[in-house]
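curious how this folds, go ahead:
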Amino acid sequence: APGVGAGRMGDVQTAEKSAAAARGALGAAGVGVDAPAATDVHAGAPKSSGVRAGALAHSALKRVQHLAYSHVDARDEWLRGPSRAFVEDVLLSSRVAEHGVLEPAAVRTLVAEHMAGAGHANAIGLLLTVELWQRYFEDGERPAAKET
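Residues are numbered from 1 along each chain as shown. Got it, this is the predicted structure:
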């Protein structure tokens, strides 16, 4: 799966790109999105058992996260495939502009890049959450009841 075994730098670069994309889509409305920049926590740290222990703990945490969240590895493909129509219906609708929270041009660019192969699942998820929140709480729209 993409991202598995890619190493810390690949994960950091992907996270930075998604955070930048989300800031672009939310920034025009003045919504503050403070995604911290990635930093190397060990930069300048002395070589000590504490640093090695920290690296071991980080490695163990990554293994646990992979086991617990392995389903997340397919989010990019899932948003491009089975959920593509939903993503496009929600994020490319005129209602995004009507709500005035998201910047429609930035959202369109982000969705187009994602559908072309970029890994923006985190940003797409954030934007879906914001737009669906607007529809539910501001517009009073409720999901259709499931037929039994």
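
which stretches of the chain form helices?
7-27, 49-68, 75-80, 84-91, 95-99, 104-115, 121-133 (DSSP state H).

could you count how many residues lie near the closest residue to Ala121 other than its chain neighbours?
Nearest-residue entry for Ala121: Arg75, 3.8 Å, with adjacent residues in sequence omitted and distances by C-beta to C-beta, 6 or more residues apart in numbering. Backbone N, C-alpha and C define where each C-beta goes, glycine included. Arg75 is flanked by 19 other residues according to other C-beta atoms under 10 Å.

again with Gly125
Gly125 is surrounded by 15 other residues when neighbours are defined as other C-beta under 10 Å.

wait, it sits on Arg75?
Yes. With contact defined as C-beta atoms under 8 Å, Gly125 reaches Arg75; the gap is 7.5 Å.

for Asp89, see how far away the residue nearest to Ala121 is.
Going from Arg75 to Asp89 by C-beta to C-beta, to the nearest Å gives 18 Å.

same question, Arg142
For Arg142, the distance to Asp89 equals 16 Å [C-beta to C-beta].
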